[in-house]
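Engineer: I'd like to go over a predicted model; first the sequence, then the structure.
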Amino acid sequence: MAEFLSLHDAVARHVEDGATLAMEGFTHLIPFAAGHEIIRQGRRELTLIRMTPDLIFDQMIGAGCARRLIFSWGGNPGVGSLHRLRDAVEHGYPQPLEIFEHSHAAMACAFEAGAAGLPLAVLRGYVGSDLPKVNSQIKFIECPFTGERLAAVPAVRPDVGIVHAQKADRAGNVLVEGIIGVQKEVVLAARHSIVTVEEVVDDLEAGPNACVIPAWAIDAIAVAEQGAYPSYAHGYYPRDNAFYKAWDAIARDRESFAAWLEEHVYHAGGAA
């Protein structure tokens, strides 16, 4: 059942060194504040899972939090590469990073399978792809009913799932609005879950077909105003496109990244 905690206490209680950690939010509602708190608390040896690792995972990898990455696309949207991710893969800095690359379809199916409590996801995919040659998580099975050859990948069932949302009510139910990715699947699939929100309200005012994550599926809720910045939160604030462009130069150089991290994460409460 959802417990209201500070972000510091939620991370301290639920995110341990060596944990498998999924952090989701597609285009907006990316949980930057939570990622910065994990950096500040010095978590290490994490397996990071995200369909589209972007700036937050670049920051966490560059800060030395990660040893493994499971993903389906990695980059700075509309700008270019993730330079801290590349440095870790290509040069082992600040430590070597093991990667497992999937297709978007496979990752989405893996999250759904995890939410359903299944051990694997089955899909039509990877035909003609070289990914099975370099990713040991991709297998092929035969359908017992039709004999069709299908791809199979492990379900995503992380130790901790973290998402950001617009608001929670005082009973601990959470409303996600706008572009919805796999936030609800992350929470349902995870052994423990943390949801950061812009505000706590008396009434979610959820409309028909709204995405409401129930309190019973959530371990901790933490208020983090602008917790998705520099991405956006639909209905609250826009995306800071200038920051995404500036990040290319900041992250390209180890020293400039370290200086940014020191100023904007360690000494500024995680503000980008």
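Structural biologist: Ah, there it is.
Engineer: What segments of the stretch 1-150 of the chain are strands?
Structural biologist: Using DSSP state E, counting those that start in this stretch, the strands assigned to the stretch 1-150 of the chain run over residues 3-4, 20-24, 46-50, 66-71, 98-101, 120-123, 139-142, 149-154.
Engineer: Just checking: what are the partner strands of the first one?
Structural biologist: As defined by DSSP bridges, the strand partners of strand 3-4 come to strand 220-223 (parallel).
Engineer: and the next element down the chain from the strand it pairs with?
Structural biologist: Secondary structure here is assigned by DSSP states H and E; on that basis, the next helix or strand after strand 220-223 toward the C-terminus is helix 241-252.
Engineer: Quick check: buried residues in that following helix?
Structural biologist: When burial is assessed from 16 or more other C-beta atoms under 10 Å, helix 241-252 yields the following buried residues: 244, 247, 250, 251. From N, CA and C alone the C-beta is placed, and that goes for glycine too.
Engineer: ok, residue 207 - how many residues close by?
Structural biologist: Applying the criterion other C-beta atoms under 10 Å, we find 8 residues in the vicinity of residue 207.
Engineer: cool, and residue 132?
Structural biologist: Other residues near residue 132 number 14, with proximity taken as other C-beta under 10 Å.
Engineer: Could you measure from residue 4 over to residue 163?
Structural biologist: From residue 4 across to residue 163, the span is 16 Å (C-beta to C-beta, to the nearest Å).
Engineer: oh, I was asking about residue 264
Structural biologist: Distance of residue 264 to residue 163, given as C-beta to C-beta: 22 Å.
Engineer: wait, which of the strands of the stretch 1-150 of the chain is closest to residue 197?
Structural biologist: Counting by C-beta to C-beta, residue 197 lies closest to strand 3-4 out of the strands of the stretch 1-150 of the chain; the figure is 9.8 Å.
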